[in-house]
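Colleague: Attaching a predicted model along with its sequence, questions to come.
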Amino acid sequence: MVDSTLLFHLSDIHFGLEHNRALNWVAHEVATRKPAAVVITGDLTMRARSREFAAAREWILSLHAPVTVEVGNHDLPYFNLIERFFDPYRKFRGMESVVEKELDLPGIAIVPLKTTVRMQPRLDWSKGWVSEAALDKCLATIDALPPGKKVLVTVHHPLVEVGTKGTALTRGGTKALAALAQRKITAVLSGHVHDPFDMQQETVNGPVRMIGAGTLSQRIRSTPQSFNELRLEPDGRLCVEARNLQDVPTEAMKIEDVPEDAMPPRAPGEPVAPVGAVPRTDPPVH
């Protein structure tokens, strides 16, 4: 009998404002559950400071599993524009081997798609942007895989809006989703919005599953610190469970379907969390 493939999907750790109990809990889960890989979809740091990257590097490289890391908007230099434009990945040195790394695992491949750019022709550079070059590189990697290989694409920003409190406003995201739908990928994994979600997005080429991880930092929005546990079953199904440090009723983790590129429909103070991500209560980790 073929075993299922276990993956952990983390995001938005934000060293500099990290949540230590959550990090200890996740490290313990990695050590005991031994996932086939740990996927981190960006924002390792809070302000891309050297000490934040040093802490992130130490924690990530201590995990006993293959790791791939996306670059988040918080991971590009905030205060040094020369470094941002000419050497934006300098502080990743020492963990280059895990940054935007393609992973070829039993039954499934993990392929990165960059959504963070050095500058944009709009004021808010924290939002997502899929360049032609980034999309072409991702698609070429997928097309080079053996026929029938299942694919997870990793991004930092959700490619379209998903109804969470945080927004991505990703330029080029609709086009990218349509191209990925054409290749019938299994799902797109993202972060950025700090709340987990699991939803299907329609495109001109058919549906694409979009799965988002919450945060492991103190910067929570609508849900507590969490990560996603993904399991690829022998029959090809991808099962997703959002695991968090405190009890959240299932109904509070759901939203209605959201139109493509819609702004999140919420009233002030109204809690919102996404569809399909059912929490699992975990005991405190000391």
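Modeller: Looks like it arrived, so ask away.

Colleague: make it CA atoms for all contacts and neighbour counts henceforth
Modeller: Will do.

Colleague: Any idea how many residues pack against the residue lying closest to residue 182 once chain neighbours are set aside?
Modeller: Ranked by CA to CA, 6 or more residues apart in numbering and with sequence neighbours excluded, the top spatial neighbour of residue 182 is residue 205, at 5.5 Å. Counted with other CA atoms under 10 Å, the neighbours of residue 205 add up to 14.

Colleague: contacting residues for residue 205?
Modeller: 178-179, 181-182 (CA atoms under 8 Å, 6 or more residues apart in numbering).

Colleague: Look at the closest residue to residue 223 other than its chain neighbours and give its secondary structure.
Modeller: Closest residue in space to residue 223, ignoring its immediate chain neighbours: residue 195 at 5.9 Å, by CA to CA, 6+ apart. Secondary structure, DSSP: H, G, I helix; E, B strand; the rest coil: residue 195 is coil.

Colleague: What of the one 5 residues further on?
Modeller: Residue 200 falls in the strand class when you classify it by three-state DSSP.

Colleague: still on that earlier bit, tell me which residues touch the residue nearest to residue 223, please.
Modeller: Taking CA under 8 Å, 6+ apart, one finds 164, 212-215, 220-223, 273-274 in contact with residue 195.

Colleague: which among those gets closest to residue 57?
Modeller: Ranked by distance to residue 57 (CA to CA), the contacts of residue 195 are led by residue 215 at 17.5 Å.

Colleague: What about that closest one? Give its phi and psi, please.
Modeller: Main-chain torsions, residue 215, degrees, to the nearest 10: phi -110, psi 150.

Colleague: What residues does it make contact with?
Modeller: Residue 215 neighbours (CA under 8 Å, 6+ apart): 10-13, 191, 194-195, 224-227.

Colleague: show me where the stretch 151-286 of the chain has strands.
Modeller: According to DSSP state E, counting those that start in this stretch, the stretch 151-286 of the chain carries its strands in the segments 187-190, 197-203, 206-212, 226-232, 238-244, 279-281.

Colleague: quick revisit: CSV for the contacts of residue 205, including distance to residue 158?
Modeller: Supplementary listing: the contacts of residue 205 in CSV, determined by distance: CA to CA, whole Å:
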residue, distance to residue 158
178, 14
179, 15
181, 15
182, 18
